[in-house]
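Undergrad: A predicted structure for the sequence below; I have some questions about it.
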Amino acid sequence: MKREQAVWINHQLQEAYAALDRARIAIADLGKAERIKLEDSFYGIVGALEDELLQPIYAQHPDLEPPKPDREPYTYICEVTWDEVQLPPGVTEQRLDEIIFSIMKPTWRKTAAIVTRVMDRCKELGLAVEGEVIAARLKVLSDSDRIEGIGNIQSWLHSEVRLKD
């Protein structure tokens, strides 16, 4: 493909990517059952856009690829399940839930931000609670419909949580 064609296609795909991000926000406002139904398809489309459309363009025209960060990308993925968690002494499920609910708002926030804020609050209270424990608890709270979550809660940067309205 000629460079001018690649530039045009890349521009259009970037516009589509921005539209998909707006769709992601709209999907986040749906009820949980509807969100779950749409999420897999949504992330499949985004993956296809990146892997099957943009990457071949960048392979032919590497100068069109956006610059990569100077650092390794963060991979906040928690594979710990709540069944595997052992809470530190002095911390109960109820106490952890109280801290989580005191931090969360009814607006969507990245799971990574909530995990970080809850960890900071735990430190203030003298509680040694790891981020993986908090993320595992957020997943349980989302799965049990006590909070709302979108995306794979175990993937901290690709999911969001909020208090139920």
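TA: Now that the structure is in, tell me what you want to look at. Numbering: from 1, shown residues only.
Undergrad: give me phi/psi at Val7?
TA: Torsion angles at Val7 (phi, psi; degrees, to the nearest 10) stand at phi -60, psi -50.
Undergrad: ok, it to His61 distance?
TA: Val7 sits 8 Å away from His61 when distances are taken as C-beta to C-beta, to the nearest Å. Any C-beta I mention is one placed from the backbone N, CA and C, and that applies to glycine too.
Undergrad: which parts of the protein are helices?
TA: 3-28, 32-48, 55-60, 93-103, 111-124, 131-143 (DSSP state H).
Undergrad: could you dump those helices to CSV with distance to Gly149, mean neighbour count and mean pLDDT?
TA: Formatted as CSV, the helices of the chain follow (distance: least, C-beta to C-beta, whole Å; neighbours: other C-beta atoms under 10 Å; pLDDT from 0 to 100):
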stretch, distance to Gly149, mean neighbour count, mean pLDDT
helix 3-28, 10, 13, 86
helix 32-48, 8, 13, 77
helix 55-60, 29, 13, 93
helix 93-103, 12, 15, 96
helix 111-124, 8, 18, 92
helix 131-143, 3, 21, 93
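Undergrad: so what's the nearest residue to Ala23 once chain neighbours are set aside up against?
TA: Leaving aside its sequence neighbours, Ala23 sits nearest to Phe42 (C-beta to C-beta, 6 or more residues apart in numbering; 7.1 Å). Listed by C-beta atoms under 8 Å, 6 or more residues apart in numbering, the contact set of Phe42 reads 20, 23-24, 27.
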